[in-house]
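A.B. asks: no sequence on this one, just coordinates:
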């Protein structure tokens, strides 16, 4: 029996180092730090808005020619002016020369200076076509058989068509009412009634 006890103890002594060396080891799992996702803000890549020239105040030059009558005499004018245009209003100071012709008078040159005001009716607009109503006040000085002075009021209806960003073509028609300090036919003062048609070309700076 003593021999059996010794064998058992010896077996324990031999087996203990192996158990100590092969014992379970604690495995520490690597710790991963969770990094929060950054908020990425996309750049603003919206397309730029088109320039609305119809609603902006614009400045430009105007040239016009008209064919009408003036108290029994024919009158053709060529006027140059400066155009100021807002969304619904156009103002055109102008000046130039007119040519008076008729069977009862000698051909005469008339100097004209005045201003036109036009209202662009919003509800009448169709695309690039901008109808308007307005009026001109023109002071004229002419020399035929006698030097004369005229004051003309010209109410009209017309339209302006935008050919491009800078150029427009317009026209208007209407009656004209003229007071004469010296009538081109009779030579005396008086009042005349006529009819006018005007063709205009505008150039806008922006």
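C.D. replies: Nice, I can see it. Every value quoted in this text rests on a predicted model; they were computed, and no experiment measured them.
A.B. asks: from here on, contacts and neighbour counts on C-alpha atoms
C.D. replies: Noted.
A.B. asks: for residue 122, what are phi and psi?
C.D. replies: Main-chain torsions, residue 122, degrees, to the nearest 10: phi -60, psi -40.
A.B. asks: just give the number of residues close to the nearest residue to it once chain neighbours are set aside.
C.D. replies: Distances taken as C-alpha to C-alpha, 6 or more residues apart in numbering place residue 88 nearest to residue 122, at 7.0 Å, with adjacent residues excluded. Residue 88 has 16 neighbours, counted by other C-alpha atoms under 10 Å.
A.B. asks: what about residue 88, distance to residue 118?
C.D. replies: Applying C-alpha to C-alpha, to the nearest Å, the value for residue 88 to residue 118 is 8 Å.
A.B. asks: what's near enough to touch the residue nearest to residue 122?
C.D. replies: Residue 88 makes contacts with 55, 119, 120, 121, 122, as judged by C-alpha atoms under 8 Å, 6 or more residues apart in numbering.
A.B. asks: in what helix or strand does the residue lying closest to residue 89 once chain neighbours are set aside lie?
C.D. replies: Excluding its sequence neighbours, the residue lying closest to residue 89 (C-alpha to C-alpha, 6+ apart) is residue 119, at 4.8 Å. Using DSSP states H and E, residue 119 falls within strand 108-120.
A.B. asks: what of residue 170?
C.D. replies: Counting by DSSP H and E, residue 170 is part of strand 167-180.
A.B. asks: after that strand, next one along is what?
C.D. replies: Where DSSP H and E defines the elements, the next helix or strand beyond strand 167-180 is strand 190-204.
A.B. asks: Provide the angle between the direction of that following strand and the direction of strand 167-180.
C.D. replies: Following axes from the mean of the first three to the mean of the last three C-alpha atoms, to 10 degrees, one obtains 160 degrees for the angle between strand 190-204 and strand 167-180.
A.B. asks: what about the strands in this protein?
C.D. replies: 58-70, 73-85, 89-101, 108-120, 129-143, 147-162, 167-180, 190-204 (DSSP state E).
A.B. asks: mean confidence for the third one?
C.D. replies: Strand 89-101 shows an average pLDDT of 88 in the prediction.
A.B. asks: partners of it in the sheet?
C.D. replies: Taking DSSP bridges as the criterion, strand 89-101 sits next to strand 73-85 (antiparallel), strand 108-120 (antiparallel) in its sheet.
A.B. asks: what angle sits between that strand and strand 58-70?
C.D. replies: Using the same axes, to 10 degrees: strand 89-101 against strand 58-70 is 30 degrees.
A.B. asks: got the angle for strand 89-101 vs strand 129-143?
C.D. replies: 40 degrees.
A.B. asks: okay, now the sheet partners of the strand holding residue 170, with direction.
C.D. replies: Strand 167-180 sits in its sheet next to strand 147-162 (antiparallel), strand 190-204 (antiparallel), going by DSSP bridges.
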